[in-house]
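S.K.: got a structure for you, letters missing:
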């Protein structure tokens, strides 16, 4: 099988990066998601709380990547449904994603977290109409295409279904990690020292 044409690959990459960058200049109905996440995560850390993350599908994979980096930064970070996930309580924070507005599992987990006294941040592209946002202590609006507004039958897209939202999560989380690293004063060496050696 022939390798992809390099100019074509570069054009695809530029198109994808352009679509993702546009998300962060679009207006939001909440404070910027970067501001919300940095404040909520640093707040949980300062009160001795643990950080829990949850999302379905590819959103969940992006949140697991964030969880890994939060651990590297020195936070007590856990992905919901891991076998070593502890109970959630008043000093803790749940970060959940419901790009299209709501999922039954996300709603249920947010409900348990709130009833247990934890703060809940919901990331979503549908803050006004989504069921998950109603369960949040804070909402981070990410104005990106998801399955809720993907136009089926409108032709083949380079970033179909929820790919724009999911890609925006990855970019957002990298910014969050960078900001938290500066706030906490963690050195690159200290962060690297927490990376697993069981690989």
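M.R.: Arrived safely, thanks for sending. Keep in mind it's a predicted model, so treat the numbers as computed, not measured.
S.K.: just the helices in this protein please.
M.R.: 6-23, 33-46, 57-72, 104-115, 163-184, 188-193 (DSSP state H).
S.K.: residue 142 against residue 170, yeah?
M.R.: No - applying CB atoms under 8 Å as the test, residue 142 and residue 170 come out as separate, 11.3 Å apart. For glycine as for every other residue, the C-beta is placed from the backbone atoms N, C-alpha and C.
S.K.: ok, those two, which is more surrounded?
M.R.: When residue 142 and residue 170 are compared for neighbours, residue 142 comes out ahead with 26 against 14, by other CB atoms under 10 Å.
S.K.: one step back: need the helices of the chain in CSV (columns: distance to residue 93 and mean pLDDT).
M.R.: Below are the helices of the chain laid out as CSV (distance: least, CB to CB, whole Å; pLDDT from 0 to 100):
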stretch, distance to residue 93, mean pLDDT
helix 6-23, 23, 89
helix 33-46, 4, 97
helix 57-72, 10, 97
helix 104-115, 9, 98
helix 163-184, 13, 95
helix 188-193, 20, 92
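S.K.: residue 157: which of these is closest?
M.R.: Nearest to residue 157, of all these, is helix 163-184, at 8.1 Å by CB to CB.
S.K.: ok, and what's touching that closest one?
M.R.: Helix 163-184 has contacts (CB atoms under 8 Å, 6 or more residues apart in numbering) with 16, 19-20, 23-24, 33-34, 37-38, 41-42, 45, 58-59, 61-63, 65-66, 69-70, 73-74, 97, 99, 123, 125, 142, 144-146, 159, 191.
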